[in-house]
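>>> Build me a model from this:
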Amino acid sequence: MNQAICLSTINLDSETVIFQLTNKLEDAGMRVVRSFDLKSACASYPDTTCPHHGDSPCDCQMVVLLVYGAEATPASVVLHYHQGNTNVELVDTSDNRPDKRLVTMIKLAFETELCSASF
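Numbering: from 1, shown residues only. Now for the predicted structure:
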């Protein structure tokens, strides 16, 4: 079963959220790798209409962060930005389930860094 655990929706651009979350995770001893970036992938198509929202040009940004702890299997954190809000989700798939300790560390880092900043 595939599911996404919604960590939060924050009224900030995705790059600010990514920067703050990455710093907090790295401070907690995890390694963060940016594995996908929608803006980079679509850079050669700057004036496209958003297939999800119908906006032209599309203002969406989607970034996938792979978060590594002591375990070999990373956790995937997906950030989706649209119209001033960034939705942050932790992906949990049946074929690539992250370690429970890593998930707990990510949730804790997210809550203490981003939620305490009163966004």
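
>>> From E15, how far out is N85?
Per C-beta to C-beta, to the nearest Å, N85 is found 13 Å from E15. (Glycine included, C-beta is placed from N, CA and C.)

>>> give me the low-pLDDT residue ranges for this protein?
1-2, 37, 39-58, 96, 110-119 (pLDDT under 70).

>>> where exactly do the helices run in this structure?
14-27, 38-41, 100-114 (DSSP state H).

>>> Skip the chain neighbours and tell me the closest residue to D13.
With C-beta to C-beta, 6 or more residues apart in numbering as the criterion, D13 has its nearest non-adjacent residue at 6.1 Å, and that residue is Y81.

>>> Tell me how many other residues surround the one you found.
24 (other C-beta atoms under 10 Å).

>>> Give the bridge partners for it, please.
In this entry, Y81 is beta-bridged to Q61, T86, by DSSP bridges.

>>> Just the CA atoms from stretch 18-25 would do, formatted as PDB, please.
The C-alpha trace of stretch 18-25 is given here as PDB (Å, rounded to 0.1, in the frame of the first residue of the first chain):
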ATOM      1  CA  ILE A  18      13.700  23.000   1.600                       C
ATOM      2  CA  PHE A  19      16.600  25.100   2.900                       C
ATOM      3  CA  GLN A  20      15.300  25.200   6.500                       C
ATOM      4  CA  LEU A  21      14.300  21.500   6.500                       C
ATOM      5  CA  THR A  22      17.600  20.400   4.900                       C
ATOM      6  CA  ASN A  23      19.600  22.300   7.500                       C
ATOM      7  CA  LYS A  24      17.600  20.800  10.400                       C
ATOM      8  CA  LEU A  25      17.900  17.300   9.100                       C
END
